[in-house]
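1. Fold the following and give me the result.
(chains A and B, ligands or ions: 1)
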Amino acid sequence: MKSDLTKAFADYAKDLNQASRDENIQKAMSRAVKSYRATTDETMRRFPHTPDLAAEVREIKTRAIQDNAALLQEAMASVERNKGKAFYAKDAQEALRLALEIIGRGKVVVKGKSMLGEELHLREYLEEHGNEVWETDLGEFILQLKKERPMHILSPAIHVPREQVADIFSKFFQKEIPPDIAAEVGAVREFLREKYFSADVGISGANVVAADTGAMVIIENEGNVRLSTGAPPVHLLMVGVEKIVPTFQEAMKVAEVTWRYAQYGVPGYVNIISGPSKTGDIEKVTTYGAHGPKQFYVIFVDNGRSQMAGDERFSQALHCLRCGGCMYECPVFQVTAGHFGHTYLGGIGAIWTAFVSGGLDEAAPLLYTCLRCGRCVERCPMRINVPGMVGELRKMLVYGESLPGEDLPEAAVAGGVSHAAET
Amino acid sequence: MAVEMKLPPVLDIIRGNIVKYGNPLALKGSEVAAWAKGLKLPKEGEVLFYTGGEYQLLPFIDSLVKTMTHIDQGSKSFSLMMGVRNILDKAGFNAEKVYASVLAKDRERFNSVCYKAAFVLQKLGYDLAYAGDEELYSGALLYELGFWQDLKEYAPKVRRMIEKTRAKTVVCLSPHAAEVLKLVYPKMLPGFSIQVRTFVELVWERRNKLPAISSAPVVIHDSCRLARELEVDEEIRDILIGAGVPVREAERNRQWTTCCGGPGKLLFPELSHVMGSRRVTELEETGAETILTSCPYCLAALAGGQEKGDKTAVEDLIEFLFRGYAA
Ligand code: SF4
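-> Residues are numbered from 1 along each chain as shown, chains lettered A, B, ... in the order given. Coordinates of the predicted model:
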């Protein structure tokens, strides 16, 4: 087979050039970079133990990725013990099919921000199947209305200034919303509040999963995740298999490092969810669905991750905490924002694109945009060697090699993980 | 299933030139070595002075990029043009004719960087050997662009070239050459153990012998490779401060240095230019009058990133140190 990428490169170069001339992007990015660096410097001074903790988390993640298959079994068993339902999806199709089976059609769904959701095109899929789905993260909500993809993993609408937001909102809410941030936030709050309490299902991702307890840790600031996962009668949590670590205590360490490098001293909220809501207050009889969801589902998604885990050159890409720090330091990202990316952004995003979200040809232009300058490695709490992996993938590209694991039969790719616990 | 990908042709052109001609732009050995004519450097000796042809090809890269910026790389005419050049000129193309736009003064400037580097090192008491027109490019771009198999086949040629000089130490002007010789070659060539140093390190060792340089404040642009892979950054400060030069620091420096955008030049020339300009701005914010770097690609990218009429000078550390002797 032959695939001609010259046109893709040319189109992509045009897109990058355009982005680098876009004043909104330039304004937003230079503000964002400045404030990221200042806040991070300040938080690191306030919490000077952070770099040591990051080193510890590197060890934790390295071991966890090595033992991923066993940890997945343990985590699934823990979820079931907690009266949740656990599923394993080996690829995107399976993940979407499972989600649709759980949700059904004609439902109202509120959704928290999740990169995995972007990877799977979850919202679009559920909408196509007759559901009304609302992004509840403010940035993602803006993009949902704007019909655009996220431009940063943490601040998806990093490139949209308030004036533009006011235009979009005025159109959508069919009333004048002034270009005032508080007023804009207020309008969304009012609109979504009603959705949380009328929704049939709430969907979220998770930042870390503790295998021993089945505890899912979700870091957030807006409070939208609390409401999305707390108010509807059903909570569906979808998470990549790489997020599992052995114990609850280790999960806390991972969480702290994640938010610290995402420039928070401490985030507004840290949600820990391990099962459906329950009470034993009447006659000590356990009853589910007290105030929160009665049903709790978890889908662990592989979709190329065990392929990465199985190759020592690339397994470190799975250590990524999605703190987003590297992007602020990337000279390309600084001028193009998420245009340097596919679903996953920046240099690390190029690696993830190759394995989980598009394949080598989709990743090719991204792989050659990376300058291999290495500043992301300086920032990365996991010290992920992105330039090294970019080199390896370029090598595969120029010699027409397949990604590791791609020539293997399916069973081997899944790393011996059973697709158990379907109900 | 393996899928053969058709990538932008410039990649394969660079690869082909290195493999066939020992130089990314197929410059002739005699052209690469022209700077050394008057010096009569021996072909054998303990310390091998290694230019890798990188400063010499700078003025040509810029013309190449200018050509590319105006022609869609995906288009037929581009591949045709590059292809013709590559196929017809089996003996290496006559660069002057093809790139009529290359200014003689640029060629002279970049060629003389090599001369100045040799001059400074000799003044510091180093006896240098030089392979002359037999010198080959290091292959750093093969590594950079993913042609690792080609590098594996190419590297032994470079090794033979080096070993023929009986050198124990190779002193590289370009940090890219130093990186590939020091960190990549040993993995590909069993027993390759020659000591690899940079120009900066050699100067640093004998910095006490440098003449004082009177200069307005300078700012150092750390090259990514030098600062991060080779961990050479404090040395440049030591050298300059020792020579009495006032040094200003950019906000992003040493291992946090901002890339000049140079590596993107071949495939994304416009974007590369934007990044170069931004770095120039960061450096100029210090109020320094001269920007100093120690890498051919940084030098070209930063000089190219300057606004018209910009008063700040962009120089290589080599050129700057040479001034100490010229004064
Ligand atoms: S690669 Fe490192 S810095 Fe970038 S998002 Fe992942 S953990 Fe954070």
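
2. Tell me the pLDDT of B:Arg107.
-> Note for B:Arg107: predicted pLDDT of 80.

3. distance between stretch B:250-260 and the chain's centre?
-> 19 Å (CA atoms, centre = their mean, to the nearest Å).

4. Pop the domain breakdown of the chain in here.
-> All of this refers to chain A. With domains defined by automatic domain parsing, chain A comprises A:6-46+A:313-405, A:67-279+A:286-303.

5. Let me rephrase: I mean chain B.
-> According to automatic domain parsing, chain B comprises the domains B:9-202, B:210-326.

6. Quick check: the gap between the closest residue in space to A:Glu220 that isn't next to it in sequence and the ligand.
-> Leaving aside its sequence neighbours, A:Glu220 sits nearest to A:Tyr269 (CB to CB, 6 or more residues apart in numbering or on different chains; 5.1 Å). For every residue, glycine as well, the C-beta is placed using N, CA and C. Separation of A:Tyr269 from the ligand (CB to the nearest ligand atom, to the nearest Å): 20 Å.

7. Could you do A:Gly338 as well?
-> Distance of A:Gly338 to the ligand, given as CB to the nearest ligand atom: 13 Å.

8. The closest residue to that residue other than its chain neighbours and A:Ala309, how far apart?
-> Distances taken as CB to CB, 6+ apart place A:Met151 nearest to A:Gly338, at 3.4 Å, with adjacent residues excluded. To A:Ala309, A:Met151 is 28 Å away according to CB to CB, to the nearest Å.

9. can you check B:Cys260 too?
-> In this view, B:Cys260 and A:Ala309 are 36 Å apart by CB to CB.

10. Give me the more crowded residue out of those two.
-> The neighbour comparison of B:Cys260 against A:Ala309 (other CB atoms under 10 Å in any protein chain shown) goes to B:Cys260, with 32 against 25.

11. most remote residue from chain A's center?
-> Here the centre of chain A is the reference, and by CA atoms, centre = their mean the most remote residue is A:Glu283, at 41.6 Å.

12. host element of that residue?
-> Element membership for A:Glu283, per DSSP states H and E: none, as it lies in no helix or strand.

13. Just the element for B:Leu151, please.
-> helix B:148-164.

14. Pull out the buried positions in that helix.
-> By 16 or more other CB atoms under 10 Å in any protein chain shown, the buried positions in helix B:148-164 come out as B:Trp148, B:Asp150, B:Leu151, B:Tyr154, B:Ala155, B:Val158, B:Arg159, B:Met161, B:Ile162.

15. and the last one, what pLDDT?
-> This means B:Ile162. Per-residue confidence at B:Ile162 stands at 98 (pLDDT).

16. cool, the third one as well?
-> As summarised for this prediction, B:Leu151 has a pLDDT of 98.

17. now the first one
-> We note a pLDDT of 98 for B:Trp148 in this prediction.

18. just the fourth one next, same as before
-> Looking at B:Tyr154, its pLDDT reads 98.

19. give me every residue that touches it.
-> B:Ile18, B:Val19, B:Gly139, B:Leu142 (CB atoms under 8 Å, 6 or more residues apart in numbering or on different chains).

20. which of the residues you listed lies closest to A:Ala92?
-> B:Leu142 (35.9 Å; CB to CB).

21. Enumerate every residue touching that closest one.
-> By CB under 8 Å, 6+ apart, the contact set of B:Leu142 is B:Arg15, B:Ile18, B:Val19, B:Trp148, B:Asp150, B:Leu151, B:Tyr154.

22. switch the cut-off to 10 Å
-> A:398, B:14-15, B:18-19, B:24, B:148-155, B:180, B:184 (CB atoms under 10 Å, 6 or more residues apart in numbering or on different chains).

23. Quick check: which element contains the residue of the stretch 251-400 of chain A found nearest chain B?
-> In the stretch 251-400 of chain A, the residue that lies nearest chain B is A:Arg394 (2.9 Å; CB to the nearest CB). Per DSSP H and E: A:Arg394 is located in helix A:386-398.

24. quick check, distance from that helix to the centre of its chain.
-> Helix A:386-398 sits 24 Å away from the centroid of its parent chain (CA atoms, centre = their mean).

25. Report the separation between the closest residue to the ligand within chain B and A:Ala28.
-> Across chain B, no residue is closer to the ligand than B:Trp256, which sits at 14.0 Å (CB to the nearest ligand atom). Note on B:Trp256: its distance to A:Ala28, by CB to CB, is 22 Å.

26. quick one, which of these two is more surrounded?
-> Using other CB under 10 Å, the more surrounded residue of B:Trp256 and A:Ala28 is A:Ala28, with 20 against 16.

27. The more buried one belongs to a helix?
-> Yes: per DSSP: H, G, I helix; E, B strand; the rest coil, A:Ala28 lies within a helix segment.

28. Surely it touches A:Val165?
-> No: judged on CB atoms under 10 Å, A:Ala28 makes no contact with A:Val165 at a distance of 11.6 Å.

29. Identify the contacts common to these two.
-> Common neighbours of A:Ala28 and A:Val165 (criterion: CB under 10 Å, 6+ apart): A:Ala157.

30. residues near the residue of chain B found nearest chain A, how many?
-> Closest to chain A within chain B is B:Gly146: 2.9 Å, counting by CB to the nearest CB. Residues near B:Gly146, counting by other CB under 10 Å, number 24.

31. There's contact between it and A:Met396 in this structure, I believe.
-> Yes: B:Gly146 sits in contact with A:Met396 when judged by CB under 10 Å, with a separation of 7.7 Å.

32. Mind listing the shared neighbours of these two?
-> Jointly contacting B:Gly146 and A:Met396 under the rule CB under 10 Å, 6+ apart are A:Leu367.

33. before we move on, back to that, which helices and strands does the helix holding A:Arg394 pack with?
-> On a contact count with 3 or more CB pairs under 10 Å, 6 or more residues apart in numbering or on different chains; DSSP states H and E, helix A:386-398 meets helix A:346-356, helix A:360-369, helix A:375-379, strand B:4-6, helix B:9-21, helix B:140-145, helix B:148-164.

34. so for the shortest one, what's the average pLDDT?
-> When the per-residue pLDDT values of strand B:4-6 are averaged, the result is 82.

35. Check the offset of it from the chain's centre.
-> Put simply, strand B:4-6 sits 30 Å off its chain's centre (CA atoms, centre = their mean).

36. Okay, buried residues for it please.
-> By neighbour count on 16+ other CB under 10 Å, the buried set for strand B:4-6 is B:Met5, B:Lys6.

37. Pairing partners for it, with directions?
-> Looking at strand B:4-6 with DSSP bridges, its partner strands are strand A:2-4 (parallel).

38. top helix in chain B by residue count?
-> The helix that spans the most residues within chain B, counting by DSSP state H, is helix B:104-123.

39. Which helix or strand contains the closest residue to chain B within the stretch 51-200 of chain A?
-> Of all residues in the stretch 51-200 of chain A, A:Pro51 sits closest to chain B, at 14.2 Å by CB to the nearest CB. Per DSSP H and E: A:Pro51 is located in helix A:50-66.

40. quick one: buried residues of that helix?
-> Neighbour-count burial for helix A:50-66 flags A:Thr50, A:Leu53, A:Ala54, A:Val57, A:Arg58, A:Ile60, A:Lys61, A:Ala64, A:Ile65 (criterion: 16+ other CB under 10 Å).
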